[in-house]
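Undergrad: heads up, no residue letters with this:
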């Protein structure tokens, strides 16, 4: 059976790697729809190569030029309405959500409600609206398959046991570029230093999140919703080699780990082919060459963002949405050299403390909180 795939955010890093995987398996996958925010040139190239029936352009100005860039017979959609149209195409089997930020919320929810399987790379979908999304996933009986390497690893480890047999889920972190720096040195960090990640090549926002360990905080929140385990059973351990992508410890003391090369095509392919496994296109591990795997506990004094993520889950409701948006604006301010590196967690904590969480929010409420948090922080920091 050929799966029909829609990729929301096809021109970004995850989207392009997703298309690379699809290219390797033309007998298994076909591209039904692609979307971009404003990168029309790359969208045109992708449309020519993969011949989707539909494309969508989010940015209004760019959307006006889209028809001239798309191949004949391709239907062009615009704005949020366009993303919703692609997410709910009747012929679509799997919707890859590779957009960035809150823009992914409405299309993901709409796709789930239409019975589509989701391959999820957008952190904000579960960080901001995890309870709402997972409730709909269960109601519709669809699969929400994580593309993050850590959550894909956890999902694969859980094949070896039942949910009620879990003692701990252990999420691994590279530790970022400041793993060995003291607090004073971290406080004096420059933008260039923070963007110099030792293991992964990522966009600037995600790279800063890795440096603050907020990326692990967001992954803890995602894990909490995806796998439905108590927060106290989710731990983070620093693993500089980034070979073990996550582990699950069961009640009998057994730990099952997933190891793979640092190549996002591995979890992408697993999400697209699930429940099957297809032959790998990535580099295979040479364990003798790796030789050593090391672990250490994260230091929450030097990396308070991780602790703030746990606190946001404890407060519940709209608190994780405030955490996510406050982090996004604070990182933007740091990249523009408006604030210092350690001001990022300070601003997030301040935003959380000012907010009274609204429990069991609907999507409109979440988006209102996100917009207001963004407005307040942008007004003060940018």
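TA: In hand now; what should we look at? Values in this document were obtained by computation on a predicted structure and should not be read as measured data.

Undergrad: residues contacting residue 366?
TA: By C-beta atoms under 8 Å, 6 or more residues apart in numbering, the contact set of residue 366 is 105, 128-129, 132, 318, 321. C-betas here are computed from N, CA, C, even on glycine.

Undergrad: one more: residue 244?
TA: Contact partners of residue 244, counting by C-beta under 8 Å, 6+ apart, are 153, 172, 257-259, 293.

Undergrad: rerun that using 10 Å as the cut-off
TA: Taking C-beta atoms under 10 Å, 6 or more residues apart in numbering as the contact definition, residue 244 lies against 150, 153, 170, 172, 237, 255, 257-260, 293, 295.

Undergrad: show me the domain layout of this protein.
TA: Domain segmentation of the chain under automatic domain parsing yields 3-146, 176-212+299-382.

Undergrad: for this structure, where's the lowest mean pLDDT among helices and strands?
TA: The weakest-scoring helix or strand in the chain, judged by mean pLDDT, DSSP states H and E, is helix 66-69 (a mean of 75).

Undergrad: next helix or strand past it?
TA: Using DSSP states H and E, the helix or strand that directly follows helix 66-69 along the chain is strand 75-78.

Undergrad: helices and strands around that following strand, which ones?
TA: strand 29-36, strand 54-57, helix 60-63, helix 66-69, helix 79-87 (3 or more C-beta pairs under 10 Å, 6 or more residues apart in numbering; DSSP states H and E).

Undergrad: tell me the most buried of the ones you listed?
TA: strand 54-57 (a mean of 27; mean count of other C-beta atoms under 10 Å).

Undergrad: how far does that one sit from the chain's center?
TA: Mean-position distance between strand 54-57 and its chain equals 22 Å (C-alpha atoms, centre = their mean, to the nearest Å).

Undergrad: pLDDT of that strand, averaged?
TA: For strand 54-57, the mean per-residue pLDDT is 95.

Undergrad: which other helices and strands does that strand contact?
TA: Contacts defined by 3+ C-beta pairs under 10 Å, 6+ apart place strand 54-57 against strand 3-8, strand 29-36, helix 40-50, helix 66-69, strand 75-78, helix 79-87.

Undergrad: which two of the contacts of residue 366 have the greatest separation?
TA: Farthest-apart pair in the contacts of residue 366 is 105 and 318; separation 13.0 Å (C-beta to C-beta).

Undergrad: find residues that contact each of these two.
TA: Residues touching both residue 105 and residue 318 by C-beta under 10 Å, 6+ apart: 128-129, 366, 370.

Undergrad: and those residues, which is closest to residue 176?
TA: The nearest member of these to residue 176, counting by C-beta to C-beta, is residue 128 at 23.5 Å.

Undergrad: is it fair to say that closest one lies in a helix?
TA: Yes: residue state for residue 128 (DSSP: H, G, I helix; E, B strand; the rest coil) corresponds to a helix.

Undergrad: in contact with it, which residues?
TA: When contacts are counted by C-beta under 10 Å, 6+ apart, residue 128 touches 101-102, 104-105, 122, 221, 318, 320-325, 361, 363, 366-367, 369-370.

Undergrad: buried sites along stretch 326-342?
TA: 326-335, 339, 341-342 (16 or more other C-beta atoms under 10 Å).

Undergrad: mind checking pLDDT for the residue located most distally from the centre of the chain?
TA: Using C-alpha atoms, centre = their mean, the residue of the chain lying farthest from its centre is residue 72. It sits 33.3 Å away. Note for residue 72: predicted pLDDT of 72.

Undergrad: ok, which pair from the buried residues of stretch 326-342 is furthest apart?
TA: 328 and 342 (17.3 Å).

Undergrad: roughly how far does residue 68 sit from residue 43?
TA: For residue 68, the distance to residue 43 equals 12 Å [C-beta to C-beta, to the nearest Å].

Undergrad: between these two, what contacts are shared?
TA: The contact sets of residue 68 and residue 43 overlap at residue 76 (C-beta under 10 Å, 6+ apart).

Undergrad: on that earlier part again, buried members of the contacts of residue 128 into PyMOL, please.
TA: Of the contacts of residue 128, the buried ones go into a single PyMOL selection, burial set by 16+ other C-beta under 10 Å:
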select buried, resi 101+102+104+105+122+221+318+320+321+322+323+324+325+361+366+367+369+370
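
Undergrad: re the thing from before, can I get the helices and strands packed on strand 75-78 in CSV with distance to residue 21?
TA: CSV is the format used below for the helices and strands packed on strand 75-78 (distance: least, C-beta to C-beta, whole Å):
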stretch, distance to residue 21
strand 29-36, 8
strand 54-57, 19
helix 60-63, 26
helix 66-69, 24
helix 79-87, 19
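
Undergrad: among the ones you listed, which gets the worst mean confidence?
TA: Sorting the helices and strands packed on strand 75-78 by mean pLDDT places helix 66-69 lowest, at a mean of 75.

Undergrad: from the chain's centroid, how far away is that one?
TA: Computed by C-alpha atoms, centre = their mean, the chain-centroid distance of helix 66-69 equals 30 Å.

Undergrad: go on, stretch 282-297?
TA: Distance of stretch 282-297 from the chain centroid (C-alpha atoms, centre = their mean) equals 24 Å.

Undergrad: next one: stretch 338-349
TA: What separates the centre of stretch 338-349 from the centre of its chain is 22 Å, taken as C-alpha atoms, centre = their mean.
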